[in-house]
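# Turn this into a model:
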Amino acid sequence: MKDLLIPIQKSVSLPGKYSVPARVLVASAHEVDAMPAWQLVAELKRLGVRARFALGGHPPDVLLLRDRSLAHSESYELSVSADGIEIVSATDAGAYYGVQTLRELLRVYGRKIPCCRITDWPDFARRGVYLDCSRGKVPTVSTVKQLIERLAHWKMNELQLYIENVFTYKKHPLIGRGFSPFKPQDIKEIQAHCRLHHITFVPSLASIGHMEKILMLPTYAKLGEMPGFRGLPGGTTLCPGDPGSIRLLADLYGEFLPLCEAEDFNVCGDEPWELGKGRSKARASRVGEGRVYLDFMLKIREICLKHGKRMNMWCDIVLKHEELIPLLPKDIVILNWDYLPGGRRVLRTHEVADAGLPFMCCSGTHGWRSHGSRLRLAMANVREFTKLALRNGAEGMLQTDWGDHGHRNPLGVSLCSYAHAAAHAWHGGGVEEKSHLRRFALHTFGDRTGEIAAALDLIDSTPEEPGVFSKEQFCKKRKFLQDGGLRGKYMFWRYYALLEPLRAGVTLKPHAVLGNQQVFGRVGLSKAGLQKQLRKLNTFSLPAPAKGLAEFDRLVLEEYALAAEMDRLAGRRVQLADAVRDGRPPKSKELKTHASEMTRMAERFKTLWLARSRPSRLNDNLGRMRAAVREARTLAK
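Next comes the predicted model:
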């Protein structure tokens with residue numbers, strides 16, 4: 001079937017078409033089918049059809065049936081004939097997914113659907129999204145619910161929210177204060193909505209690394225492995241040898257896990273940067289850094305088992321210390337993550353599989369440290385990882401979406417990447433890569449002209465470095481990628497340039513640095529190249545939203561427009577910074593115009609942030625934007 005966003009496993013074309021009548025009855029004998037049936041009714045109403053749902057209604061135009069003999073628990077058979085439509089499934093989830101495919105058919109063909117017989121099932125048991133809620137931006141419950149509905153429409157069946165400190169603990173009330181944390185009732189409400197849409201809400205808590213927001217509090221700083229690391233009171237990592245560390249985790253788990261029904265629990269365990277370098281250094285020198293880590297993770301596993309949870313954990317430390325792999329209990333699920341195609345951990349997937357450990361492959365949206373996302377890089381990452389996941393027998397795929405350095409990246413610009421990952425997790429072999437963006441725009445915004453797809457393509461910030469690689473050749477230049485040819489340099493310049501001071505931030509010059517890394521220059525973008533990108537961004541425009549477009553999706557278009565404007569302003573700031581540091585100050589009018597544009601951008605940024613998220617650390621970003629405006633106005637005097 002052409003133009004479906006989520007590909008199907010098997011389809012047989014039949015003669016004729018089904019003409020959707022002016023009145024449609026959707027019927028099922030199962031009350032649980034009411035949710036997808038009402039979704040279908042809403043879809044039909046958008047086509048001008050008067051539709052309704054009834055339990056056991058007769059004669060039905062669309063009939064949902066059960067056949068417990070179907071092989072796969074999430075499979076379904078969808079038959080379109082000239083007389084009507086039947087969806088047969090073994091389970092409630094299968095019926096739900098069959099309806100989602102029918103909704104897609106209606107979006108593609110309207111009221112004239114080609115007769116066909118579809119047999120469909122997923123490649124992977126677990127198909128999830130992992131959303132960062134801890135880098136400054138905490139979504140509202142309403143936003144999470146609307147996201148759940150879209151993920152379920154794309155046949156995703158798992159959601160994880162990354163939580164470091166953004167939860168309200170009774171026993172530890174200081175944790176999360178000032179960060180707009182989730183409350184227990186929020187988690188219950190999110191989980192209940194997941195259940196309605198056949199999504200498993202899998203809890204996730206940081207458990208050793210990335211603990212800086214807790215360790216910055218005086219009460220907990222003493223638990224840090226290396227207090228003062230990176231200028232942080234308690235550093236970023238719990239000391240694995242301090243009995244207080246495991247007691248703290250037991251308290252946090254004890255309040256959070258009873259809220260969650262899922263069997264799995266992601267304890268994270270990634271990037272404990274100070275491990276073996278501070279308070280545990282002496283023991284690490286005796287038994288090895290890897291052993292120190294393993295012993296602590298085994299203690300965490302015991303707490304998980306007490307709560308009836310199967311421990312999931314990120315793989316970076318395990319693969320760094322490969323001697324740990326055979327020592328891991330076989331009930332721990334390894335989450336193998338890597339966000340660059342050809343990345344070292346991507347290519348080592350087989351090591352986890354060969355050890356007999358259950359595992360998932362975890363790709364990334366590349367929304368972090370960007371405004372409009374590096375979509376083609378994300379797609380290449382998913383494409384390669386999915387093939388290896390299938391080949392090595394992974395439980396599933398998890399698409400991660402992070403918010404490093406202030407989480408300025410809007411949720412909306414990640415949706416296209418979510419949909420692409422969902423398509424691969426369901427049936428990677430059927431994904432039409434080149435037309436994905438067009439199909440996403442069609443199904444999400446009703447864009448049949450290609451205008452929206454073309455506009456969104458303009459703000460894909462995937463790097464193109466002449467002589468190194470092009471957008472479609474990531475995997476052919478693995479050494480460059482693995483050696484950090486992109487990290488901290490060309491890939492993120494727009495994100496940093498937007499708020500770096502003109503006197504000290506990103507420029508075209510090779511000597512420009514961020515920390516100890518070059519950020520811009522000698523990476524394939526010349527002055528002319530920057531001007532070309534700015535001309536491209538100046539052409540960015542979106543048509544008016546289609547009538548009846550849901551508010552959630554209308555906001556997506558506004559977020560794309562904001563992303564384009566932030567990228568444009570970032571490029572303009574690079575030009576201004578070059579002039580300032582070359583001793584040829586920009587004209588006062590240019591600086592004043594830039595200050596006004598930055599002010600308008602900041603106002604729109606605030607509005608769109610609050611449309612989806614809690615206040616949390618919004619003011620951290622606004623403060624930097626205001627500082628950039630003040631600097632421009634000062635230079636204009």
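# CA only for contacts and neighbour counts going forward, please
Will do.
# neighbours of the residue nearest to Thr462 when sequence neighbours are not counted, just the number please.
Nearest non-adjacent residue to Thr462, counting by C-alpha to C-alpha, 6 or more residues apart in numbering: Arg374, 4.4 Å away. As a burial measure, Arg374 scores 24 neighbours (other C-alpha atoms under 10 Å).
# Show the contacting residues for Arg374.
Thr365, His366, Gly367, Asp460, Ser461, Thr462, Pro463 (C-alpha atoms under 8 Å, 6 or more residues apart in numbering).
# Pop out the phi and psi values for it.
Backbone torsions for Arg374, taken as degrees, to the nearest 10, come to phi -100, psi 70.
# wait, is Ile317 part of a helix?
Yes: assessed by DSSP: H, G, I helix; E, B strand; the rest coil, Ile317 belongs to a helix.
# wait, it sits on Cys268?
No: with contact defined as C-alpha atoms under 8 Å, Ile317 does not count as touching Cys268 (10.8 Å).
# What are the neighbouring residues in contact with the nearest residue to Ser81 once chain neighbours are set aside?
Spatial nearest neighbour of Ser81, excluding adjacent residues (C-alpha to C-alpha, 6+ apart): Cys115 at 5.0 Å. When contacts are counted by C-alpha under 8 Å, 6+ apart, Cys115 touches Ser13, Leu14, Pro15, Gly16, Lys17, Tyr18, Ser79, Val80, Ser81, Ala82.
# Let's see that with 7 Å instead.
Ser13, Leu14, Pro15, Gly16, Lys17, Tyr18, Val80, Ser81, Ala82 (C-alpha atoms under 7 Å, 6 or more residues apart in numbering).
# thinking again about what came up before, any idea how far the residue nearest to Thr462 lies from Arg345?
Using C-alpha to C-alpha, to the nearest Å, one gets 20 Å for the distance from Arg374 to Arg345.
# What of Trp314?
Per C-alpha to C-alpha, Trp314 is found 11 Å from Arg345.
# and for those two, which residues touch both?
In contact with both Trp314 and Arg345: Asn336, Trp337, using C-alpha under 7 Å, 6+ apart.
# Stretch 234-246 - what's its average pLDDT?
Per-residue pLDDT values over stretch 234-246 give a mean of 98.
# Which SSE is immediately downstream of the helix or strand bottoming out on mean pLDDT in the chain?
Every helix and strand of the chain was ranked by mean pLDDT, DSSP states H and E. The lowest is helix 478-482, at a mean of 43. The first helix or strand that comes after helix 478-482 along the chain, using DSSP states H and E, is helix 493-497.
# starting at the chain centroid, how far to that following helix?
Relative to its chain's centre, helix 493-497 lies at 20 Å (C-alpha atoms, centre = their mean, to the nearest Å).
# which strands and helices sit next to that helix?
Counting by 3 or more C-alpha pairs under 7 Å, 6 or more residues apart in numbering; DSSP states H and E, the packing neighbours recorded for helix 493-497 are helix 551-581.
# Flag every buried residue along the helix it packs on.
For helix 551-581, the neighbour count (16 or more other C-alpha atoms under 10 Å) marks 553-580 as buried.
# tell me, what residue is most central in this structure?
Asp401 (2.7 Å; C-alpha atoms, centre = their mean).
# Can you tell me how far it is from Arg127?
Asp401 sits at a distance of 14 Å from Arg127 (criterion: C-alpha to C-alpha).
# on that earlier part again, ok, Ile317 and Cys268, which is more surrounded?
When neighbours are counted by other C-alpha under 10 Å, Ile317 and Cys268 differ, and Cys268 comes out ahead with 23 against 18.
# and the nearest residue to the more buried one once chain neighbours are set aside, how many neighbours?
Nearest in space to Cys268, with sequence neighbours left out and distances taken as C-alpha to C-alpha, 6+ apart, is Met313 at 4.8 Å. Look at Met313: counted by other C-alpha under 10 Å, it has 24 neighbours.
# now do Pro501
When neighbours are defined as other C-alpha under 10 Å, Pro501 has 19 of them.
# Wait, it touches Val629, no?
No: the pair Pro501 and Val629 fails to qualify as a contact (C-alpha atoms under 7 Å) at a distance of 9.9 Å.
# SS state for Thr400?
Under three-state DSSP, the three-state class of Thr400 is strand.
# so how far is Gly234 from it?
27 Å.
# same thing with Ala250?
The value you get for Ala250 to Gly234, if C-alpha to C-alpha is used, is 19 Å.
# The two: who's more crowded?
Between Ala250 and Gly234, counting by other C-alpha under 10 Å, Gly234 is the more crowded of the two (28 against 16).
# ok now stretch 54-66, how far from the chain's centre?
Centroid displacement of stretch 54-66 relative to its chain, using C-alpha atoms, centre = their mean, is 37 Å.
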